[in-house]
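Give me a 3D structure for the following:
(chains A, B and C, ligands or ions: 2)
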Amino acid sequence: MSLLELDQVSLTFGGLKALWELDLHVDEREIVSVIGPNGAGKSTVFNVITGVYRPTAGDIRFAGDSIVGLRPHRITSRGIARTFQSLRLFLNMSVKENVKSATYGHTKASPPESILRLPRARREEREVDALAEQLLAFFGDRLQGYRWDQPAYSLSYANRRRLEIARALATRPQLLLLDEPAAGMNPRETHEVTELIVRLRDELGVAILVIEHDMHVVAGCSERVVALDHGVKIAEGSYEEVANHHAVVEAYLGRDPEALAES
Amino acid sequence: MTDPAQIGRDEWVARSADRRDEGTGLRRVLNQLDARVGWWPRLAAVALGGVIVGQLLTNVNLQQVGFNSLLYALLALGLNIAVGWAGLLDLGYIAFFGFGAYGFAIFSSAALGTGGSGGAHLPAIEIIVIVLAAAGVVGVLIGLVALRLDGDYLAIVTLFVGQAFMEVVNNVDPGTLGGVNGLFGLDPLHDFGGQVSSTLGYYYVALAALVLVAAVLRLLDTSRTGRAWRALRDDPLAAAAMTIPVNRLKVMAFSFGAIVGALAGILFAAQQSTVFPTNFTANILILIYACLVLGGVGSITGAILGGIVVTVAEQMLSSPTDAGYLFYGLILLALVAKVRPWRRLAWVLGGIVALGFAAHGIVSLISSSAVAGHPGSTGWIGSVVSNYVIVPSNPVGYGNVLYIVVLCAMIAVVRLEGVRRLLAVIPTVYIAACCWESRLIVNPAITTQIMIGVVLIVTMAARPQGLLGSRRVEIV
Amino acid sequence: MHELLQTTVNGLTTGCLYALIALGYSMVYGILKLLNFAHGDLYMVGAYIGYFVIQWFGGPNAVSIPVPLLLAIMVLLAAVGVGVLGMAIERFAYRPLRDAPRIAPLITALGVSFVLENTVLLLFGGFTRSYSTPTFISFNSGITLDGVRIDSVELMIFGLSFAMMYGLHQLVQRTTLGKSMRAVASDREAAEMLGINVDRTIALTFFIGSAMAGVAGVMSGLAFNQISNTIGFLAGLKAFTAAVVGGIGSIAGSMIGGLLIGLCESFSASYVSSEYTDLIVFGILIATMLLRPTGILGQKALQKV
Ligand SMILES: Nc1ncnc2c1ncn2[C@@H]1O[C@H](COP(=O)(O)OP(=O)(O)O)[C@@H](O)[C@H]1O
Ligand SMILES: [Mg+2]
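Ligands and ions are numbered 1, 2, ... in the order given. Sure, this is the predicted structure:
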């Protein structure tokens, strides 16, 4: 049984078929990439998985149970965390608080307990603090020291992407969805992202589904690649297979020759 | 290879805390204080200050002002939970204030008795527990409706909640709720054989309540719940994706706010010993908003400060002498704060003074009846300005026209730039003074309301974070 | 039966006024996503303008010009005056806050509403003023259908409201301005990049919306006679309810919502109790919110992620 299974999932916006009868699975500790031209429906896949949109047809199972119709916070609590392509940090909260806020689902202290600082509240707060520091340490000293207390809006673009990943990890996921984690990064940073993705899987044991345009990242980390176009899966397999698949070449060439040239 | 640790690291950001200490003069001192003094010592200072001020409130009027300040501070604190922390524009807050007041009134008067005698007359602790619990539940119910709504719809529904509360207390069961006549003859707060009977007593009760609520809210703010609220305010969708149950937290914010509002209502009713429907109009709601907005949305200290500042200012406006200090003081403050360098400031101030005396002199030569009226200010300000402002013997129509002119002139000042703006400031201030002396100061009630509206508009435009809030970044 | 029809006519009259105010709300909301709390007060200002026009031309008992001309002047002046006022408010209070956090312009709108209401209080006093319409437009001047009387003020309200709504519909659908309005409403930045003058479009939207509120003010003065500085609050609240019930952003929706609220009000006043009308309207609002949050004709906006 796979960790995540999408079974004939479709989603339409009015007349637009954003996703059409999509089958997709991610196994435990697997790294899968989703590629496809802009508007192919990649982010929409993430949105239906995390409950932002409800699929018009089909089923989504996580660890064997259907998660269709669950509200987003429930889905995340079950173990699917995500980052956003358009970066949706809590800009006015500090770096550390951003990470800590994502632990809401696995902490329990009720408001009265917190107000009275009863033992459980204190213990949880200590644990959450330690978790946040541990997760931020994943990124070298980028998000260390004085940065902890800085508001998220003061971070550079690359650091915001990193913080999004740390925040998602704080929900203690089994499956991590990364939406274009290397967008807007320079080649060095992009290379780091590739290494980071592998490290996350190796050290934290999470499965990772990653959307990425940068073919270096895709080639460097993924065990399997899925290509989408117009909401339909057009190819699946190893990086080499997919990259040379005629439908994929056509999808990129047909609309976006530059993307091909880049890859 | 360049050191990877240096990429993306900006020292400028790292040193922002140091820079905050720079600044100049008073601002620097305040900033340093703000940065160095911890939260709990601050609260202790507020409590201590409150007690000391209480000792200085020698007459009942002052004590009443003191009580009202604390009451509005408390109200602003409660409003801040939904508005400041959870980012929900709650315009029905006034209903919870009323709910608490009416709740207290019903259980501590003859309302539940027959024919004006009997009734519940419960002791304070029992009433507080019952009413606050009920307020919490009502808050949850309204919150449950509110959940279905996004920001703006929420505002309109809650605005209607406030209106509905008014209609209910006005019309439903006049035998119990008293209809338009309200409820009167309420017991003072009493329990364990003692009772609070003086205004000063209520002042201290309100102080205790305020400090307690502020402490509780601070503890909540630094807990997982407070974090979740702030996350929700920044980005509800991302909050949900980070395991935060958005709906439940919204309801909680409503409910907590309702409880604080109701507590304030209880104090209000007990101190006043009467309640009327008109105590809970939209005007009062806007007053509470002014407190919160001026103090700084999202900040506990700000809410308290805002409550005190607004109440004291409102009180000052109702006395012709103090109103003068407030009006001329604010103008002076604004000029000192905005006009630089000092030389220019001197020119502007000189211009304002000279223009007035010149205008007054010229007009009095032309027609003595045009300056026959008396300025509204009394005391030394009154005598100083009597040869400065032009007040005709029948100032009403004249004052009205000036009022419109002042509004237009203010707009012009905002629109103009550089030296022209400074030149426009001079006549604007003078006309404003004439209008003030001939019309505004004579109608303190209306003037107060207008000022409250202006405070909301100006604060939002010039300093949305208020006196003490921190500036927010939002992607819209 | 007669009573039923008469109640319907009364309800439709009020409903038309709500619809006119609701339209302005809805337009402004559509284009700026701003709840303009001051909109109800603009309606109140319109009512005052109409009142002073009557006074200017000799007062209700001695109108010095033909009544139709008087009415035309009232409507025109109120439309232009209130329209300009609305535009000024947009320019000076809301425009600086266009990129501010969502809550800021809402609070400003509360402030503007408060200032307007109290400015009128300062200038004209808090007492209720009367149009005394019956002294210059006879109650019997309308038509009688089957024993149900529709007086000429009511006729005028129906005529004018439908004409204005039709005009607005044409404007939005047919003209360049209408196209710009729709473009700005759906995506301001994209509209700007396409060379649409966003500021001007928003200003004109405010002008049109406010002008309709001003006209509604005059007509409510004619129909109900009593005006005071506080009439804007409740009228605004109910008109907004109408906009929401009908589906915000939709012209036909505002119309339907307005008529619905008007009918509800007059029926509950006739058959239940006039004291509870507001509560009943509130109930409708809540029910709409719970059952169909997008209103009767509104469409759900999906949030893009
Ligand atoms: N909320 C929405 N409403 C309407 N169309 C949408 C919505 N979200 C996405 N789409 C459309 O679905 C298609 C896929 O979008 P998306 O998944 O964001 O593409 P990408 O592969 O670039 O991430 C696009 O055509 C987009 O316009
Ligand atoms: Mg995408």
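
before we move on, which element is B:T311 in?
With the criterion set as DSSP states H and E, the secondary-structure element containing B:T311 is helix B:300-317.

Tell me which other helices or strands that helix touches.
In this structure, helix B:300-317 makes packing contacts with helix B:60-80, helix B:199-221, helix B:282-295, helix B:320-338, helix B:444-462, judged by 3 or more Cβ pairs under 8 Å, 6 or more residues apart in numbering or on different chains; DSSP states H and E. Where C-beta positions appear, they are placed from N, C-alpha and C, glycine not excepted.

Which pLDDT does the model give the residue of the stretch 51-200 of chain B found nearest chain A?
Closest residue of the stretch 51-200 of chain B to chain A, Cβ to the nearest Cβ: B:G87 (10.3 Å). With respect to pLDDT, B:G87 has a value of 85.

what about it, which SS state?
For B:G87, the secondary structure call by DSSP: H, G, I helix; E, B strand; the rest coil comes out as coil.

where's it relative to chain C, distance?
Distance check for B:G87 against chain C: by Cβ to the nearest Cβ, to the nearest Å, it reads 7 Å.

now B:G376
Taking Cβ to the nearest Cβ, one finds B:G376 at 14 Å from chain C.

hmm, the longest helix along chain B touching chain C?
With secondary structure taken from DSSP state H, chain B has its longest helix at helix B:246-272. No. Using Cβ under 8 Å from any Cβ of the partner chain, no contact is recorded between helix B:246-272 and chain C, whose separation bottoms out at 13.0 Å.

Give the full set of residues in contact with the spatially most central residue of chain B.
With the centre of chain B defined as its mean C-alpha position, the nearest residue by Cα atoms, centre = their mean is B:C291, 1.5 Å away. Residues counted as contacts of B:C291 (Cβ atoms under 8 Å, 6 or more residues apart in numbering or on different chains) are B:Y72, B:A73, B:L75, B:A76, B:A303, B:G306, B:G307, B:V309, B:V310, B:T311.

got the residues you listed as a markdown table, with neighbour count and pLDDT columns?
What follows is those, written out as a markdown table (neighbours: other Cβ atoms under 10 Å in any protein chain shown; pLDDT from 0 to 100):
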| residue | neighbour count | pLDDT |
| --- | --- | --- |
| B:Y72 | 29 | 96 |
| B:A73 | 31 | 96 |
| B:L75 | 31 | 97 |
| B:A76 | 33 | 96 |
| B:A303 | 36 | 92 |
| B:G306 | 32 | 93 |
| B:G307 | 29 | 94 |
| B:V309 | 19 | 93 |
| B:V310 | 28 | 93 |
| B:T311 | 21 | 93 |
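
Remind me which helix or strand the residue of chain A found nearest ligand 2 belongs to.
As assessed by Cβ to the ion, ligand 2 sits closest to A:S43 within chain A, at 3.2 Å. Using DSSP H and E, A:S43 falls within helix A:42-49.

do the same with B:H360
Under the assignment given by DSSP H and E, the secondary-structure element containing B:H360 is helix B:342-366.

cool, and A:V32?
For A:V32, the enclosing helix or strand under DSSP H and E is strand A:31-35.

And the contacts of that strand?
A:26, A:42, A:45, A:197-198, A:201, A:207-213, A:215, A:217-218, A:221-228, A:239, A:242, A:248.

my read: B:F357 touches B:V389, true?
No. Under the criterion of Cβ atoms under 8 Å, B:F357 makes no contact with B:V389, lying 10.0 Å away.

Same drill for those two, tell me which one is more crowded.
The neighbour count for B:F357 versus B:V389, taken as other Cβ atoms under 10 Å in any protein chain shown, is higher for B:V389 (23 against 11).

how far is stretch B:178-194 from where the chain is centred?
Centroid displacement of stretch B:178-194 relative to its chain, using Cα atoms, centre = their mean, to the nearest Å, is 27 Å.

what do you get for stretch C:279-299?
Relative to the centre of its chain, stretch C:279-299 is centred 19 Å away, using Cα atoms, centre = their mean.

Pull that stretch out as CSV, backbone CA atoms only.
Only the C-alpha atoms of stretch C:279-299 are listed here, as CSV (Å, rounded to 0.1, in the frame of the first residue of the first chain):
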residue,chain,number,x,y,z
LEU,C,279,-35.0,41.8,13.9
ILE,C,280,-36.8,40.0,11.1
VAL,C,281,-34.6,41.6,8.5
PHE,C,282,-31.7,40.5,10.6
GLY,C,283,-33.0,37.0,10.7
ILE,C,284,-33.2,37.0,6.9
LEU,C,285,-29.6,38.2,6.7
ILE,C,286,-28.4,35.4,9.0
ALA,C,287,-30.5,32.8,7.2
THR,C,288,-29.0,33.9,3.9
MET,C,289,-25.5,33.8,5.3
LEU,C,290,-26.0,30.3,6.6
LEU,C,291,-27.9,28.8,3.7
ARG,C,292,-26.5,30.7,0.7
PRO,C,293,-23.6,32.9,1.6
THR,C,294,-23.2,34.1,-1.9
GLY,C,295,-26.7,35.5,-2.0
ILE,C,296,-29.4,34.8,-4.5
LEU,C,297,-27.6,35.8,-7.6
GLY,C,298,-24.0,36.0,-6.4
GLN,C,299,-21.2,33.6,-7.5
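
near chain B, anything from that stretch?
Yes. Stretch C:279-299 is in contact with chain B by Cβ under 8 Å from any Cβ, via C:L279, C:F282, C:L285, C:I286, C:M289, C:L290, C:P293.

returning to what we had before: pull up the pairing partners for the strand holding A:V32, direction included.
Using DSSP bridges, the strands paired with strand A:31-35 in its sheet are strand A:207-211 (parallel), strand A:224-229 (parallel).

And the average pLDDT for the longest one is what?
This points to strand A:224-229. The predicted model assigns strand A:224-229 a mean pLDDT of 94.

tell me which residues in that strand are buried?
With burial defined by 16 or more other Cβ atoms under 10 Å in any protein chain shown, the residues of strand A:224-229 counted as buried are A:R224, A:V225, A:V226, A:A227, A:L228, A:D229.

check contacts around residue 15.
Went with chain A since none was named. Counting by Cβ under 8 Å, 6+ apart, A:G15 makes contact with nothing.

if you could check chain C rather than the one you did, that'd help
Taking Cβ under 8 Å, 6+ apart, one finds C:A242, C:G258, C:L259, C:L260, C:I261, C:G262, C:L263 in contact with C:G15.

Once you drop chain neighbours, what's closest to the residue of chain A most remote from its centre?
Ranking residues of chain A by C-alpha distance from their mean position (Cα atoms, centre = their mean) puts A:L116 at the top, at 36.3 Å. What sits nearest to A:L116 in space, not counting adjacent residues and going by Cβ to Cβ, 6 or more residues apart in numbering or on different chains, is B:L219, at 7.9 Å.

need the contact list for the one you found.
The contact partners of B:L219, taken as Cβ under 8 Å, 6+ apart, are A:S114, A:I115, A:L116, A:R117.

Give me the buried subset of those.
Buried positions within those, assessed by neighbour count (16+ other Cβ under 10 Å), are A:S114, A:I115.

for the contacts of B:L219, which one is nearest C:S180?
Checking those against C:S180 by Cβ to Cβ gives A:S114 as the nearest, at 51.3 Å.
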